[in-house]
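A.B. asks: After the sequence you'll find the predicted model.
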Amino acid sequence: MTAETGSSLVLVDSSGWVEYWGDGPKAPLFDVYFDREDRVLFPTIALYEVFKKLLVTRGTSTADRFLSFAYRTRIVPLDEILALAAAENSLRYKLAMADAIIYTTASFCRAELVTSDQAFQGLPGVTLL
């Protein structure tokens with residue numbers, strides 16, 4: 001099923017969260033993926049990336065509102081199994097560390113990875129906006 005049906009798991013990459021909470025030009029494209037917090041997965045490394053970026057670019061108020069929403073999603077911690085698989089995926093797909101962790105988390109959880117980051121272009125299970 002697609003994200004529009006509201007029943008599949010979705011993992012929005014850091015770029016999507018920053019775009020959405022930073023009121024970027026692609027923010028409306030991500031609306032449908034944030035309609036139900038219970039199906040949104042959030043890797044801990046993305047929590048770090050997005051919170052830091054919003055603090056710098058949008059300030060404490062926006063960063064805190066983002067956290068309020070993020071804590072209602074399904075946060076997925078980085079454990080040793082994901083870390084080792086991400087290292088392999090980093091080499092296999094030539095991904096940076098954070099991107100490999102995010103991609104691997106989506107794959108392990110059988111979630112659709114939604115992003116506007118070109119680094120994920122052409123990878124299975126990825127929706128590029």
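C.D. replies: Great, that's in hand.
A.B. asks: what about the strands in this protein?
C.D. replies: With DSSP state E, the ranges of strands along the chain come out as 10-12, 40-43, 74-76, 112-115, 126-128.
A.B. asks: Sheet-wise, list the partners of the second one with their directions.
C.D. replies: Strand pairing for strand 40-43, using DSSP bridges, gives strand 10-12 (parallel), strand 74-76 (parallel).
A.B. asks: List of residues touching the last one?
C.D. replies: Right, the one you point to is strand 74-76. Under the criterion CB atoms under 8 Å, 6 or more residues apart in numbering, residues 9, 38, 39, 40, 41, 42, 43, 44, 47, 82, 105, 109 lie in contact with strand 74-76. (Each C-beta comes from the backbone N, C-alpha and C, glycine too.)
A.B. asks: Pretty sure the third one sits against residue 9.
C.D. replies: In other words, residue 39. Yes. Shown here, residue 39 and residue 9 form a contact pair, counting by CB atoms under 8 Å, at 5.5 Å.
A.B. asks: Same drill for these two, tell me which one is more crowded.
C.D. replies: With neighbours defined as other CB atoms under 10 Å, residue 39 and residue 9 compare such that residue 39 has more, 19 against 15.
A.B. asks: where in the chain is pLDDT low?
C.D. replies: For the chain, applying pLDDT under 70 flags the ranges 1-7.
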